[in-house]
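Enquirer: give me the fold of what follows.
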Amino acid sequence: MQDDIAPLVWKVMDGTPLTTGEVIGRLDDQFRHRCPDDMAKALNRLRRRGLIKGEVSADAGGWVWWTDAECLARRDG
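Expert: Predicted coordinates:
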């Protein structure tokens with residue numbers, strides 16, 4: 001995963017939990033950016049690096065992603 005996608009993902013999340021589809025839609029709407037990789041894989045890479053949080057949600061029908069203080073500390077650190 002390229003490091004340049006992380007700041008875009010943080011910006012579109014803006015403290016709001018989002019599904020994978022919502023992240024994709026916001027990236028396209030705000031930046032006209034389409035991840036060259038599968039977005040779910042890209043978000044999972046960010047999660048493993050501690051840059052975002054995520055979990056499977058039965059209510060949302062897939063993954064939900066968010067940031068918290070721990071993620072933002074890694075971003076700023």
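Enquirer: so which elements touch the one helix or strand in the chain whose mean pLDDT sits lowest?
Expert: Lowest by mean pLDDT, DSSP states H and E among the helices and strands of the chain is helix 69-76, with a mean of 82. With contacts taken as 3 or more CB pairs under 8 Å, 6 or more residues apart in numbering; DSSP states H and E, helix 69-76 sits against helix 5-13. (Each C-beta comes from the backbone N, C-alpha and C, glycine too.)
Enquirer: how about the CA coordinates for stretch 42-54, as CSV?
Expert: What follows is stretch 42-54, C-alpha atoms only, in CSV (Å, rounded to 0.1, in the frame of the first residue of the first chain):
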residue,chain,number,x,y,z
ALA,A,42,-5.7,-1.3,1.2
LEU,A,43,-7.8,-0.4,4.3
ASN,A,44,-6.8,-3.7,6.0
ARG,A,45,-3.1,-2.8,5.4
LEU,A,46,-3.7,0.6,7.1
ARG,A,47,-5.5,-1.3,9.9
ARG,A,48,-2.6,-3.7,10.4
ARG,A,49,-0.2,-0.7,10.6
GLY,A,50,-2.4,1.0,13.3
LEU,A,51,-3.3,3.9,11.1
ILE,A,52,-7.1,3.2,11.1
LYS,A,53,-9.4,0.8,13.0
GLY,A,54,-11.8,-1.6,11.5
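Enquirer: ok, back up a step: what's next to the least confident helix or strand of the chain, contact-wise?
Expert: Residues from elsewhere that reach helix 69-76 (CB atoms under 8 Å, 6 or more residues apart in numbering): 6, 7, 10, 49, 50, 51, 52, 53, 67.
Enquirer: quick check: closest non-adjacent residue to residue 15.
Expert: Sequence neighbours aside, residue 67 is the residue nearest to residue 15 in space, at 6.8 Å (criterion: CB to CB, 6 or more residues apart in numbering).
Enquirer: low-confidence stretches in this structure?
Expert: Low-confidence segments of the chain, defined by pLDDT under 70, span residues 1-3, 35-37, 76-77.
Enquirer: just the strands in it please.
Expert: Secondary structure of the chain (DSSP state E): strands located at 18-19, 53-57, 62-66.
Enquirer: out of the ones you listed, which is the most enclosed?
Expert: Burial of the strands of the chain is given as mean neighbour count (mean count of other CB atoms under 10 Å); strand 18-19 ranks first at a mean of 19.
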